[in-house]
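Visitor: Fold the following and give me the result.
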Amino acid sequence: MSNQVSRPNFFWSILTMKCPRCRRGNMFNNKNPWNLKKVFDMPETCPVCAQRYEIEVGFWYGTGYVSYALSVALSVTTFVAWIVLIGMSAHDTRFFWWLGINIFLLIFLQPWLMRLSRVIYLYFFVKYNPNYKTEEPVSEI
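Guide: Below you'll find the predicted structure:
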């Protein structure tokens, strides 16, 4: 029997908002993104591998681009699903129904999308390290 520890799944680690370096530590103190007072309440470092989350001052400003891309992707996905399932017509209000539902989804999912954009953005700069217990964390970009 091998003592090798399994490597956590990349996509599951992103969706469950785990540290990119060890993929085990939680990136947010509160698991509920809809607690708006604590939506960005994060520890300074990963509780498992000590990876610093805010690598430099102003690091999180880049998450605006990721959040925008996620919002566009969600809108395109709902639009394609609407066309396939319901269809579009210039003779009725189906487009406006889609628009209203899409706006509702974007507003409702915004706290989760903002957190997810932070996770994805940090994953661009910090890579998984299977030797996180013995090697130093990433300290600068």
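Visitor: Can you tell me the SS state at Leu113?
Guide: Three-state assignment for Leu113 (DSSP: H, G, I helix; E, B strand; the rest coil): helix.
Visitor: how close does it get to Leu36?
Guide: Using CB to CB, to the nearest Å, Leu113 is found at 13 Å from Leu36. C-beta coordinates here come from the backbone N, C-alpha and C atoms, glycine included.
Visitor: what about the closest residue to Val126 other than its chain neighbours, neighbour count?
Guide: Excluding its sequence neighbours, the residue lying closest to Val126 (CB to CB, 6 or more residues apart in numbering) is Pro20, at 4.3 Å. Using other CB atoms under 10 Å, Pro20 has 26 neighbouring residues.
Visitor: tell me which element Pro20 falls in.
Guide: For Pro20, there is no host helix or strand (DSSP states H and E).
Visitor: Kindly provide the distance from it to Glu136.
Guide: Counting by CB to CB - Pro20 and Glu136 are separated by 15 Å.
Visitor: Could you do Asn102 as well?
Guide: 45 Å.
Visitor: Have a look at those two and say which one is more surrounded.
Guide: Taking neighbours as other CB under 10 Å, Asn102 and Glu136 compare with Asn102 leading, 18 against 9.
Visitor: who's in contact with the residue nearest to that one when sequence neighbours are not counted?
Guide: Closest residue in space to Asn102, ignoring its immediate chain neighbours: Thr78 at 5.1 Å, by CB to CB, 6+ apart. Going by CB atoms under 8 Å, 6 or more residues apart in numbering, Thr78 touches Trp98, Ile101, Asn102, Leu105.
Visitor: Look up the pLDDT of the residue nearest to Gly87 when sequence neighbours are not counted for me, please.
Guide: Nearest in space to Gly87, with sequence neighbours left out and distances taken as CB to CB, 6+ apart, is Arg94 at 6.8 Å. Looking at Arg94, its pLDDT reads 91.
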